[in-house]
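Participant: Turn this into a model:
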Amino acid sequence: MKLSLLLACILVGFSSMGQLYMAQNGEVSFFSKTPLEDIDATNKQVSSIINTSNNEVAVQMRVTQFTFPNKLMQEHFNENYLESEKYPSATFKGKIKEVVDLKVPGTYAITAVGTATIHGVTKPIEIKGTIVSTGQTLSFNGQFDVKLVDYKVDIPKIVFAKIAETIQVKSKIVYQIR
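Facilitator: Numbers count the residues shown, from 1 in each chain. Coordinates of the predicted model:
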């Protein structure tokens with residue numbers, strides 16, 4: 001709930017005559033494939049807002065909410081790589097590049113351009129995906145790649161061959177009118 005409130009505060013500057021669509025249980029997952037080991041994790045507690053007046057988007061998630069099939073991987077992810085105690089959240093703030101009226105039902109191929117903050121580092125990013133609008137709800141599916149070096153995520157040499165340098169990230173978020 002705190003994340004939703006924080007997102008609402010971030011988006012106060014977004015508000016005008018548009019409609020706000022909010023999500024509190026979005027899903028973000030990532031996948032790392034190497035010849036030695038595959039690593040995947042999912043976070044199903046992602047908060048997000050889209051303002052249809054200007055197509056601005058904000059997404060926020062707690063890094064510790066990612067769950068892994070292997071608890072030891074989860075512990076290493078939080079303690080050694082993402083340093084979740086020091087950098088508890090990951091965020092995206094940006095705007096849908098295409099001119100679309102999301103209040104009108106339809107399927108829209110979109111590109112969100114903005115900045116992602118991961119591991120305390122903010123970088124420009126572009127996220128491609130699809131939004132399906134019913135007029136009352138929006139369903140977003142998208143994906144993008146994250147280079148660990150861009151976000152200063154250090155991988156010890158002993159496990160370097162087990163973790164890909166570029167991680168594939170996917171998101172599925174369903175928004176409701178607020």
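
Participant: okay, residue 4: pLDDT?
Facilitator: As predicted, residue 4 sits at a pLDDT of 49.

Participant: again with residue 37
Facilitator: 81.

Participant: neighbours around it, how many?
Facilitator: 14 (other CB atoms under 10 Å). Using the backbone N, CA and C atoms, a C-beta is placed for each residue, glycine as well.

Participant: try residue 129
Facilitator: Neighbourhood size, residue 129 [other CB under 10 Å]: 19.

Participant: same deal with residue 75?
Facilitator: Neighbours of residue 75 under the rule other CB under 10 Å: 11.

Participant: Is it in a helix, a strand, or coil?
Facilitator: helix (DSSP: H, G, I helix; E, B strand; the rest coil).

Participant: how close does it sit to residue 84?
Facilitator: Here residue 75 is placed at a distance of 10 Å from residue 84 (CB to CB, to the nearest Å).

Participant: How far does stretch 54-63 sit from its chain's centre?
Facilitator: Centroid displacement of stretch 54-63 relative to its chain, using CA atoms, centre = their mean, to the nearest Å, is 7 Å.

Participant: Quick one: mean pLDDT over that stretch.
Facilitator: Average pLDDT, stretch 54-63: 97.

Participant: Same question for it: list its buried residues.
Facilitator: Across stretch 54-63, burial judged by 16 or more other CB atoms under 10 Å covers 55-63.

Participant: Just name the closest of those residues to residue 22, please.
Facilitator: residue 58 (10.0 Å; CB to CB).

Participant: Point me to the helix or strand that includes the closest one.
Facilitator: strand 56-62 (DSSP states H and E).

Participant: CA atoms only: put that strand into CSV for me.
Facilitator: These are the backbone C-alpha positions of strand 56-62, laid out as CSV (Å, rounded to 0.1, in the frame of the first residue of the first chain):
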residue,chain,number,x,y,z
GLU,A,56,3.1,9.0,-18.5
VAL,A,57,3.9,5.8,-16.6
ALA,A,58,5.5,5.0,-13.3
VAL,A,59,6.4,1.5,-11.9
GLN,A,60,7.8,0.6,-8.5
MET,A,61,8.7,-2.7,-6.9
ARG,A,62,10.4,-3.9,-3.8
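
Participant: From the contact counts, what lies against that strand?
Facilitator: helix 2-10, strand 20-33, strand 38-51, strand 89-96 (3 or more CB pairs under 8 Å, 6 or more residues apart in numbering; DSSP states H and E).

Participant: ok now do residue 131, which residues does it touch?
Facilitator: By CB atoms under 8 Å, 6 or more residues apart in numbering, the contact list for residue 131 reads 96, 100, 102, 107-108, 110, 138-140.
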